[in-house]
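S.K.: One predicted model, sequence on top.
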Amino acid sequence: MSSPSDHPAPPLGVIHDIGYRPYAGPRLGELSVARSLFVTGLRNCYGLGRSTKSKVLPVLLFVVMLLPALILVAVMVQARLDQQPLPYARYAMVTQLVISVFVASQAPALISRDLRFRTITLYLARPLRRSTYVLVRFASLAAAVFVLVAAPILLLYAGGVMADLPIGRETGDFVPAVVAAALLAMVLAGLSALVSAVTPKRGIAVAAVIVVLLVSFTAVSAIQGIAVEERADTLAQVAGLFSPFTLVDGVQVWLFDGPASTPAPPEGTGMGILFCIVTLVVIAGSVGAMLLRYRKAAAA
Amino acid sequence: MGVIDAEKLTKRYPRVVALDGLDLSIGEGVTGLVGANGAGKSTLIKILLGLLPATTGTATVLGYDVVHQGAQIRALVGYMPEHDCLPADVAASDFVVHMAQMSGLPHAAARERAADVLRHVGLSEERYRVMGGYSTGMKQRVKLAQALVHDPQLVLLDEPTNGLDPGARDDMLELIRRIGKEFGIAVLVTSHLLGELERISDHVVVLDAGHLLRSCATSEFTHATGLLLVEVAGPGDAQDRMGNALAAAGLHARPRGRLIEVEAVDDRVHDVIRDVAADLELGLVRLQPGHHHIEDVFREGGAGHVQPV
């Protein structure tokens, strides 16, 4: 080993102020900017790129969401069942509490945050159009909910394939369930994003979304229970329109002849079409209302 | 053509006229925009960013029309709002990278630029912590960093020294001066503190109730005024006796605070002042040329409620 006196080394750790360097590289268009905003929003929904505290709840809920699927697969493999113990299309209904908590906690985190901290000003002062911003925020939230709902269904499907269930039949059940998951994700994202956009206080937005999702489902279940008892079939079916979960369940029953999770799924073409139309109106309506809301927010 | 040009720009709200037929041309370098609260500064900035439509009139920024080419303007302009705008649960480094990407920079370039500008605004290790715990001074630095990260040709800084202590304010002003002089980025900076703008801006625009009160180089504000300021020491009302004697000697003299303001029509005036003081047996304490301060324009123009430093 040489002593320092042998080699008078130059001083280490000198910071050279190289001054300001202009940027001459490419500036990407709106599509790339929108994609980047989408990815960041999706990551943020799961706490990625945010504080450690923000990661706890979404990751926990994601694990809780996967756990029943994992157990079902284990049971199916161990007991050598010849069909899924729980149909793919019913998984979302069974786990709706977990989904509701996820939506209620993450929609305000994504949407109210920009309004409360007024970060929205910085987005609007950049090339992105206001409408693009709103659509991308909605898309990020919908994608996050879709991942949450579809991941356990995918796990069930993979388990079914590994357990040598007939692959054609399983795929035939799996694909409609995924489509229904996408519809449910859009309905939930639309409603919760709208509630969050008009309620910049995060705590209130969380409570409001919970109320909208859980109270509506409880009310619908009660009304359907009574109406079925009283043989008021039409009333029971129409009641299903008023909760996001029963609404999308009805669509999936009518469109794909899937397994129903409510006592009163829509019967007949008219009722089926009504369920589909209401679903689309809810999605388009909440996005449209958000666009109006942000037109006002930006002027302030 | 300037960096910013406005012609007959008017913004009417149902109850109030925020801008009233504003004609304006702003060039390179640092331009200070002065006005009381409600003078129309923030409205002007929003119109220039293409976020708010003007009721009548036209404006161009960097040659782009604010009505039809807002996106092009916003790609080349950085904006630092007056109010808080930073999410509490994100680290400054992640946030500035994200904002660079929102201006169209590819991810790798965004990271590099974010590191650069955070260094320039003087944020070191703290940038990896979430911004919720930042002091006002640190937040202002991040706000400035996000306005610079996409290498804009113009930055609009709305009250950047708001809420800063004197030390942090000096740092911020020095930074703004460097942005204009060394970075080569045009700066429009608003303030209601005139002394600040006098120190850093090449040009000052004064708004009052939506009108252009004055627009000229900072040096014009502070040029020598052709006045001499005189102060004498002596028993009793020495200052008054001196003023009266000067007037009697045929000079235009009037009181200005504790001093006497004398119009220096020629070199002979100095001698007259000396002789008058000697005759009255008063000590001549001060005899200096008077300079304007930016505040004077408010005194002359009658704009109220602006707080001089």
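M.R.: Yep, that arrived.
S.K.: Within range of chain B, give me the residues from chain A.
M.R.: For chain A, the residues in contact with chain B (C-beta under 8 Å from any C-beta of the partner chain) are A:19-23, A:25-30, A:32-33, A:36-37, A:40, A:49-51, A:53-54, A:113-114, A:117-119, A:121-129, A:298-299. Glycine gets a C-beta too; all of them are placed from N, C-alpha and C.
S.K.: Point out where the chain drops to low pLDDT.
M.R.: I'll assume chain A. Across chain A, the ranges flagged by pLDDT under 70 are A:1-18, A:297-300.
S.K.: hmm, I had chain B in mind actually
M.R.: B:1, B:221-225, B:291-309.
S.K.: In this structure residue B:139 contacts residue B:84, no?
M.R.: Yes - at 6.9 Å, residue B:139 and residue B:84 qualify as touching, with contact defined as C-beta atoms under 8 Å.
S.K.: Can you select the buried ones among the residues of chain A next to chain B for me in PyMOL?
M.R.: The command below creates a PyMOL selection of those among the residues of chain A next to chain B that count as buried (16 or more other C-beta atoms under 10 Å in any protein chain shown):
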select buried, chain A and resi 20+23+27+28+32+33+36+37+40+49+50+51+54+113+114+117+118+119+121+122+123+124+125+126+127+128+298
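S.K.: who's in contact with residue A:198?
M.R.: Going by C-beta atoms under 8 Å, 6 or more residues apart in numbering or on different chains, residue A:198 touches residue A:293.
S.K.: That one and residue A:286, how far apart?
M.R.: As defined by C-beta to C-beta, to the nearest Å, residue A:198 lies at a distance of 11 Å from residue A:286.
S.K.: same deal with residue B:83?
M.R.: As for residue B:83, its distance to residue A:286 is 28 Å (criterion: C-beta to C-beta).
S.K.: In terms of neighbours, single out the busier of these two.
M.R.: Legend: neighbour count by other C-beta atoms under 10 Å in any protein chain shown for residue B:83 and residue A:286, higher for residue A:286 (22 against 12).
S.K.: Need the three-state assignment for the more buried one.
M.R.: The local conformation at residue A:286, judged by DSSP: H, G, I helix; E, B strand; the rest coil, is helix.
S.K.: For the longest helix seen in chain B, name the packing helices and strands.
M.R.: The single longest helix within chain B, with elements called by DSSP state H, is helix B:166-181. Applying 3 or more C-beta pairs under 8 Å, 6 or more residues apart in numbering or on different chains; DSSP states H and E, we find helix B:166-181 packed against strand B:30-34, helix B:136-148, strand B:186-191, helix B:194-200.
S.K.: ok, 6 Å please
M.R.: strand B:186-191, helix B:194-200 (3 or more C-beta pairs under 6 Å, 6 or more residues apart in numbering or on different chains; DSSP states H and E).
S.K.: Reformat these as JSON lines; add distance to chain A.
M.R.: Output for the helices and strands packed on helix B:166-181, formatted as JSON lines (distance: least, C-beta to the nearest C-beta, whole Å):
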{"stretch": "strand B:186-191", "distance to chain A": "13"}
{"stretch": "helix B:194-200", "distance to chain A": "17"}
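S.K.: so which of the ones you listed gets nearest residue B:173?
M.R.: Comparison of the helices and strands packed on helix B:166-181 against residue B:173 by C-beta to C-beta identifies helix B:194-200 as nearest, at 5.2 Å.
S.K.: Could you export the next helix or strand after that closest one as CSV, CA atoms only?
M.R.: Toward the C-terminal end, the helix or strand that comes next after helix B:194-200 (DSSP states H and E) is strand B:203-208. C-alpha atoms of strand B:203-208 as CSV (Å, rounded to 0.1, in the frame of the first residue of the first chain):
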residue,chain,number,x,y,z
HIS,B,203,-37.6,46.6,-16.8
VAL,B,204,-40.6,47.4,-14.7
VAL,B,205,-44.3,47.4,-15.6
VAL,B,206,-46.7,49.0,-13.2
LEU,B,207,-50.3,47.9,-13.2
ASP,B,208,-53.0,49.7,-11.4
